[in-house]
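> only geometry, no sequence info:
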């Protein structure tokens, strides 16, 4: 693991930031591809993507700071050091989702169609971002003796005392699989919003179980589960109900791949 990819004098290029940027770039390309299918212009997609990037990062950082306040209460300037890691997905998801909804309503675009276009892009972009987490050492797993356990270096954000489960890479693999599942369903969908809801259902389910293997601070535990798991349960239930309700009156849209 190499938290710092390159250092030129006082300039440090963090591996985490590189993979987040790569995830954003690849995600944008995928979004442009599916945006074209729902007849959204390139300029509109690019404008929306910029807004989503800003507000999702903001939401992810705010959520992390709230559940990890003890890290920042004596050094508030560290709140702004996003390149060192410390982003919570659900905070970013909420910030990005609200941005998409407001944008879609303002421009009279179907929120469901927009969600279907975003879902594969989000999955592949998130997968690359998780690889960045691995190099930074954040989002680390519990101590383990399994053969694929990882001993993080001292300069990493993860403790370097024992081997740990590489939950970041496990998450990246699961997200990559989810990306291909969404691609498979895209041209077979029976109603607008189906791909987005499949994403929400499968991601929240996987995240709920993966959370049991995380060992970084997860916030105050309630009834044996973390705040992230509580959100995952809510997202799963709401998405499952929406899927059932909307699927009763499917809207078939002709898409080509």
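Thanks, I have it. Given the structure is predicted, the values throughout are model-derived calculations rather than measurements.
> Of all the residues in the strand or helix carrying residue 132, which ones are buried?
Assigned by DSSP states H and E, residue 132 belongs to helix 111-136. Buried residues in helix 111-136, counted by 16 or more other CB atoms under 10 Å: 111-136. All C-beta atoms are positioned from the backbone trio N, CA, C, and that covers glycine.
> where do the helices sit along the stretch 151-257 of the chain?
For the stretch 151-257 of the chain, the helices defined by DSSP state H, counting those that start in this stretch cover 167-186, 194-210, 227-247.
> okay, the ones you listed, which one's buried deepest?
Highest mean neighbour count among these (mean count of other CB atoms under 10 Å): helix 194-210, with a mean of 21.
> Not counting its own residues, what contacts it?
For helix 194-210, contacts defined as CB atoms under 8 Å, 6 or more residues apart in numbering pick out 89, 112, 115-116, 118-120, 122-123, 167, 170-171, 174-175, 178, 181-182, 185-186, 189, 228-229, 231-233, 235-236, 238-240, 242-243, 246-247.
> Can you check what pLDDT the model gives residue 29?
pLDDT recorded at residue 29 is 93.
> Just list the residues touching the residue nearest to residue 176 when sequence neighbours are not counted, thanks.
Among residues not flanking residue 176 along the chain, residue 127 sits closest, at 4.8 Å (CB to CB, 6 or more residues apart in numbering). For residue 127, the contacting residues are 23, 171-173, 175-176, 179, by CB under 8 Å, 6+ apart.
> can you redo those as a markdown table with pLDDT?
Formatted as a markdown table, the contacts of residue 127 follow (pLDDT from 0 to 100):
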| residue | pLDDT |
| --- | --- |
| 23 | 91 |
| 171 | 96 |
| 172 | 97 |
| 173 | 97 |
| 175 | 97 |
| 176 | 97 |
| 179 | 97 |
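> Between which two of these is the distance greatest?
23 and 173 (14.7 Å; CB to CB).
> circling back: select, out of the helices of the stretch 151-257 of the chain, the one closest to residue 62.
Taking CB to CB, helix 227-247 is the member of those nearest to residue 62, at 13.4 Å.
> Compute the distance between residue 159 and residue 222, please.
25 Å (CB to CB, to the nearest Å).
> between these two, who's got more neighbours?
Taking neighbours as other CB atoms under 10 Å, residue 159 and residue 222 compare with residue 159 leading, 15 against 10.
> my guess is that one contacts residue 140, does it?
Yes. With contact defined as CB atoms under 8 Å, residue 159 counts as touching residue 140 (7.4 Å).
> Now do the shared contacts for these two.
The contact sets of residue 159 and residue 140 overlap at residue 152 (CB under 8 Å, 6+ apart).
> Please give the element, helix or strand, for residue 21.
In the assignment (DSSP H and E), residue 21 maps to helix 15-37.
> any idea which helix or strand comes after that helix?
Downstream of helix 15-37, the first helix or strand assigned by DSSP H and E is helix 42-67.
> quick one: buried residues of that following helix?
45, 48-49, 51-53, 55-65, 67.
> Let me know the average pLDDT across it.
On average, helix 42-67 scores 84.
> Between helix 111-136 and it, find me the angle.
With axes from the mean of the first three to the mean of the last three CA atoms, to 10 degrees as the basis, helix 42-67 and helix 111-136 are set at 50 degrees to each other.
> what about residue 162, distance to residue 145?
Counting by CB to CB, the gap from residue 162 to residue 145 is 9 Å.
> Point out where the stretch 51-200 of the chain drops to low pLDDT.
Within the stretch 51-200 of the chain, the stretches with pLDDT under 70 are 67, 69, 71-73, 75-76, 78-86.
> what residue is smack in the middle of this protein?
residue 126 (4.3 Å; CA atoms, centre = their mean).
> who are the neighbours in contact with that one?
23, 89, 175.
> now swap in residue 239 and tell me
Counting by CB under 8 Å, 6+ apart, residue 239 touches 197, 200-201, 204.
> closest to residue 95 among the residues you listed?
So of the contacts of residue 239, ranked by how close each gets to residue 95 (CB to CB), first place is residue 200, at 15.8 Å.
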